[in-house]
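Participant: Fold the following for me, if possible:
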Amino acid sequence: YIKLGPTDQHFQLQPKLARRSYFQSLSTRFFSRNIATQSFFHGVLWMMLLFHLLFFGMTRDRAYLFFAAYIFTLSVSLFYTFGTHFYTAFAEYPQLSRVILLLSTFGYSYCYPRFLVEFLHKGGWRTDIKYWLNLFARLVLIVGGLATVLLFLPTTVFKLTYGYWMLFPFSVIGLSSLTYISALYWSSGNRMAKYIAANNFFMILGLIVSTVTYFMSTGNWIAMPISRGTAILVLEVFIVLQLLSFSLSLSYRGLEIERERTRLQELDQLKSRFFANISHEFRTPLTLILGPLQQLLAITNQPKERQQLKTAATYAQRLLGMVNQILDLGQLEAGKLELNPVAFDIVELAKAIYYSFQSIAEQQDIQLEFESSKESRKIYLDKGKLEQVLINLIDNAIKYNRPGGQVTLQLQFPKKDQLTIQLRDTGI
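Facilitator: Here you go, the predicted structure:
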């Protein structure tokens, strides 16, 4: 059946279509009325498709990917829904055309909720809505797969089990769910969610207006000459406006993300400068404390007093090391941290650092054990950085251990140029 003339009547033209000249004349009249509009419409859709695919390649944000897939499947579905494919090579493959139409229809029904999840709910906002959107997307896949299988049933069974009546409840559920979720978005305090809700209401309005226009064209309700082409044009205008609006919202979201990233970078730089300034303020008095302590250790002979002075000097030196770590962190973030490798005995260094925690371990009733596969071993490494690593690891192992627990530091040399450092504890 092919539409002819301004009366919007359908005539059975199979006998006439056998005449090639008549078919060519009919095709020419169709293209003169519709090809310009359809070409412009699908051209706009494919330009937006390529634009969002480009942004996905640049940002790896899956919201752009699902929106591009939504535009693609929507374009393919409307290409078949409006009958444009009847005047292309696809008209010779009706079964293939039905499959493509069905897959594209369920395709955009799947891509749109996935786009909403990536666009609004990726950060954990309203997980209840996210759950229902994902559930609806999975339902679309199940129903779409079932409907596609029914297309390949024998003709008699196909007519009994498949038709618009089968998909009508699914369409009603989809539109009702979209309206309800849009209402939730609108009532939320999220600005982007309200923007999405407004776009959804706009899309629903477009479906209503185009549907009313279509039935007015077939029912002769008013005296104005309204054709089905007008109904299609109205729907296409609403679709283009809705997609453009979504594109603007994606761009605005990308701008907000970039602003937030810039703000966090500035805050991080401010924090680094603050800690660097504080570290410099701590470093000077600690140096002044360590100087007198070293002098007292040199002139004191009493064992008890020397032990107390050693303890004070050890903790002052450790505090100075922590201050240096903060300064190193600032240099690391700025990309200016340099390594200063020197030759030293790793076994001697590790044992000295490990047993410097002996008094703290005894206070917490924690047993320290040191194991090494060699008595001595020279290595070439940044000694200061290794000291910081070992101090932090041993300190955490004792701090988060239980009374009566155990901490074991083990050095192994599996090969001539390899070193393995293992720290085991009985804590959390």
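Participant: just the helices in this structure please.
Facilitator: 14-17, 20-59, 62-81, 94-120, 127-150, 155-161, 164-187, 191-219, 228-299, 303-333, 346-355, 358-363, 383-399 (DSSP state H).
Participant: Burial check on Val389, number of neighbours?
Facilitator: Number of residues near Val389 (other CB atoms under 10 Å) recorded here: 13. (C-beta placed from N, C-alpha, C; glycine too.)
Participant: likewise Ile129?
Facilitator: 20.
Participant: Ok, Phe115 next?
Facilitator: 25.
Participant: just checking, it touches Phe67?
Facilitator: Yes - the pair Phe115 / Phe67 is scored as a contact, 5.0 Å apart, by CB atoms under 8 Å.
Participant: quick one: contacts for Leu423?
Facilitator: Shown in contact with Leu423 (CB atoms under 8 Å, 6 or more residues apart in numbering): 393-394, 397, 407-410.
Participant: that older thread, in JSON lines: the helices of the chain, plus distance to Thr426 and mean pLDDT.
Facilitator: Converted to JSON lines, those look like this (distance: least, CB to CB, whole Å; pLDDT from 0 to 100):
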{"stretch": "helix 14-17", "distance to Thr426": "87", "mean pLDDT": "45"}
{"stretch": "helix 20-59", "distance to Thr426": "46", "mean pLDDT": "73"}
{"stretch": "helix 62-81", "distance to Thr426": "44", "mean pLDDT": "87"}
{"stretch": "helix 94-120", "distance to Thr426": "44", "mean pLDDT": "85"}
{"stretch": "helix 127-150", "distance to Thr426": "38", "mean pLDDT": "87"}
{"stretch": "helix 155-161", "distance to Thr426": "66", "mean pLDDT": "50"}
{"stretch": "helix 164-187", "distance to Thr426": "50", "mean pLDDT": "77"}
{"stretch": "helix 191-219", "distance to Thr426": "49", "mean pLDDT": "74"}
{"stretch": "helix 228-299", "distance to Thr426": "33", "mean pLDDT": "78"}
{"stretch": "helix 303-333", "distance to Thr426": "24", "mean pLDDT": "78"}
{"stretch": "helix 346-355", "distance to Thr426": "16", "mean pLDDT": "88"}
{"stretch": "helix 358-363", "distance to Thr426": "12", "mean pLDDT": "84"}
{"stretch": "helix 383-399", "distance to Thr426": "9", "mean pLDDT": "86"}
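Participant: Next, the contact list for Leu135, please.
Facilitator: Counting by CB under 8 Å, 6+ apart, Leu135 has no contacts.
Participant: And for Leu49?
Facilitator: 68, 71-72, 75.
Participant: most surrounded residue in those?
Facilitator: Counting by other CB under 10 Å, top hit in the contacts of Leu49: Ile71 with 26 neighbours.
Participant: Could you check how far that residue is from Leu53?
Facilitator: 9 Å (CB to CB, to the nearest Å).
Participant: Give me the neighbour count for the residue lying closest to Phe357 once chain neighbours are set aside.
Facilitator: Nearest residue to Phe357, sequence neighbours excluded (CB to CB, 6 or more residues apart in numbering): Ile394, at 5.5 Å. Neighbour count of Ile394, defined by other CB under 10 Å: 23.
Participant: picking that back up, considering the contacts of Leu49, which is situated nearest to Leu139?
Facilitator: Among the contacts of Leu49, Phe72 lies closest to Leu139 (CB to CB), at 21.2 Å.
Participant: mind listing what the closest one touches?
Facilitator: Contacts of Phe72 by CB under 8 Å, 6+ apart are 49, 107.
Participant: Please apply the same query to Phe41.
Facilitator: By CB under 8 Å, 6+ apart, the neighbours of Phe41 are 78, 236, 239-240.
Participant: From Phe246, how far out is it?
Facilitator: Going from Phe41 to Phe246 by CB to CB gives 16 Å.
Participant: pLDDT at Val407, what is it?
Facilitator: We note a pLDDT of 91 for Val407 in this prediction.
Participant: How about the one 3 residues further on?
Facilitator: Per-residue confidence at Gln410 stands at 91 (pLDDT).
Participant: contacting residues around it?
Facilitator: 370-372, 421-424.
Participant: one step back: using a markdown table, lay out the contacts of Phe41 together with distance to Tyr185 and neighbour count.
Facilitator: Shown next, in a markdown table, are these (distance: CB to CB, whole Å; neighbours: other CB atoms under 10 Å):
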| residue | distance to Tyr185 | neighbour count |
| --- | --- | --- |
| Leu78 | 25 | 22 |
| Glu236 | 25 | 21 |
| Ile239 | 20 | 21 |
| Val240 | 22 | 16 |
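Participant: ok, of the residues you listed, which one's closest to Asn190?
Facilitator: Lowest distance from Asn190 to these (CB to CB) belongs to Ile239, with 24.9 Å.
Participant: Give me the distance between the nearest residue to that closest one once chain neighbours are set aside and Leu233.
Facilitator: Distances taken as CB to CB, 6+ apart place Gly206 nearest to Ile239, at 6.7 Å, with adjacent residues excluded. Distance, Gly206 to Leu233, using CB to CB: 11 Å.
Participant: Contacts only, for the residue nearest to Phe357.
Facilitator: Contacts of Ile394 by CB under 8 Å, 6+ apart are 353-354, 357, 407, 409, 423.
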